Each structure stands twice: as C-alpha cells, then as structure tokens.
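**Q** From the sequence below, what's the structure:
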Amino acid sequence: MADDCCSKKSEAIAEMATKRDQRRVLIIVMAINFAMFIVEFSGGVVAQSSALMADSIDMFGDGVVYALSLYALHRGAQWEAGAAIVKGIIIFVFGAAVLWEIADKIVNGVPPSSSLMLLFGGTALAANVVCLALLWRFRNRNVNMSSTFECSRNDVVSNFGVIVAAGLVHMSGSVWPDIVVGGLIAFIFLRSSWRVLRDAVPAWREASLG
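**A** Numbers count the residues shown, from 1 in each chain. Next up, the predicted model:
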C-alpha cells in the first residue's frame, strides 16, 4: 500500500514538473511571437509585401494561440481540447484574411522590396526555428501541445516561403511571387485548421462525456 502510494505521488510530481516545463516554454514562445509580429508586420508595410504581412499576422495569431495554451494547461482535458478548437478557428480566420489581402494585392499591388523581404523573413525564420526547437519534446504530450506545435511548424514553412518569394521577386521584378507565396501560406493555414479541429473536436466531446 505504501509503495503504491509513493508510486502515485511520484507520478503526480513528475506530471507537475512537466506542466511547469510546458508553461515556461509556452511563455517564451509567446513572447517571441508577439515581438516578431511587431517587427515583421512593420517590415511588411515598409516593403509592401503581402507575404511578409501574412506571415506577421500568423505570428500574432500564434501568440494568441500560446496564450490560450497557457490558460488551458492546468484545467484538464476538456479545457485543453477546447483551447485547441479555438486555435483551429483562429488559424482558419487568418487563412481567410490572407486570401483577402492577396485579392487586394492582385488588383492594386506593386512589386515589394526583395531585400527587405529577405531581411525580415530571415529574422522571422530564425525566431520560429527557436520556437520549434523549444516545443519539440512536447509535440505529442496532449492535443493542446500538439496543436501548438502544429502552429509553430507552419510558421517555419511560411518563413521559407517568404525567403523564396524574395529571391523570385528580385529576379523577376514581378509582384506574382509575393502573391503566390501568400496564397500558399493561406493554404497551409486552412489545412492546419482542419487538422487541428479534426483532432480537437472529438477530444473535447470525449472529455465532456467523461
């Protein structure tokens, strides 16, 4: 009986330690994303780049996502699944917003500054690689952390896209590489939204019944 009690206590302490580790990592990546949103969005406005602005809005959305993850972290499976559902909806909204920006760019856009795209896109990539590395060991912990990792992975892909677009804009002098990459980012958002909601909705239902 004593051994069983000690075993359960050890498991509880280990779980608490894991939660503390998750909270610390989420706070760090949340701060990085909010800071990079300001930096990259400002760069996108100056460079007149749809891809940069789309990527920066994604950074802001992820900051909100990490805040939701922090809120749900100690509130059980139902709260964690609920937070993941909200994240899926946020990702969908930002994907739709990017499509709107692209439509406007097709009508009114001018070629962006490729050098500024490269500078700010590279900075955002470095920041998101750090976030991805911090989140890596928690990626399969639960649906909440899994959806958080999904957001960070999307960011890295988006950043690579911005850098590729910068090179193509420089070589061609055309606005279309910026538009195409913005469209691909929007597709990634919408696909990720579906994947997060696909896992989170059943998890929420199961937790609510339990």
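
**Q** So, low pLDDT: which residues of this structure?
**A** 1-19, 69, 72-76, 109, 141-145, 147-148, 210 (pLDDT under 70).

**Q** all strands of it, in order?
**A** With DSSP state E, there are no strands along the chain.

**Q** Sketch out the helices for this protein, chain order is fine.
**A** Assigned by DSSP state H, the chain shows helices spanning 2-47, 50-72, 76-108, 114-135, 143-172, 176-209.

**Q** Mean neighbour count added to those, as CSV?
**A** Yep, even glycine has a C-beta here, placed from its N, CA and C like the rest. Converted to CSV, the helices of the chain look like this (neighbours: other CB atoms under 10 Å):
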stretch, mean neighbour count
helix 2-47, 15
helix 50-72, 25
helix 76-108, 19
helix 114-135, 20
helix 143-172, 22
helix 176-209, 19
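
**Q** Surely V25 is in contact with R139?
**A** No - if you go by CB atoms under 8 Å, V25 and R139 don't touch, sitting 11.2 Å apart.

**Q** any idea how far A51 is from A103?
**A** Distance of A51 to A103, given as CB to CB, to the nearest Å: 14 Å.

**Q** An error on my part: the question was meant for Q48.
**A** 16 Å.

**Q** Same question for A35.
**A** Counting by CB to CB - A35 and A103 are separated by 29 Å.

**Q** what's the answer for M36, then?
**A** 25 Å.

**Q** quick one, what contacts the residue nearest to A166 when sequence neighbours are not counted?
**A** Excluding its sequence neighbours, the residue lying closest to A166 (CB to CB, 6 or more residues apart in numbering) is M117, at 3.6 Å. M117 makes contact with 43, 47, 49, 51-52, 162-163, 165-166, 169, 178 under the criterion CB atoms under 8 Å, 6 or more residues apart in numbering.

**Q** nearest to W194, of those residues?
**A** Distance to W194 across the contacts of M117 (CB to CB) is lowest for A51, with 22.2 Å.

**Q** Do I have it right that C151 meets K87?
**A** Yes - between C151 and K87 there is a contact under CB under 8 Å: 6.9 Å.

**Q** Give the residues shared as contacts by those two.
**A** By CB under 8 Å, 6+ apart, the residues touching both C151 and K87 are V65.
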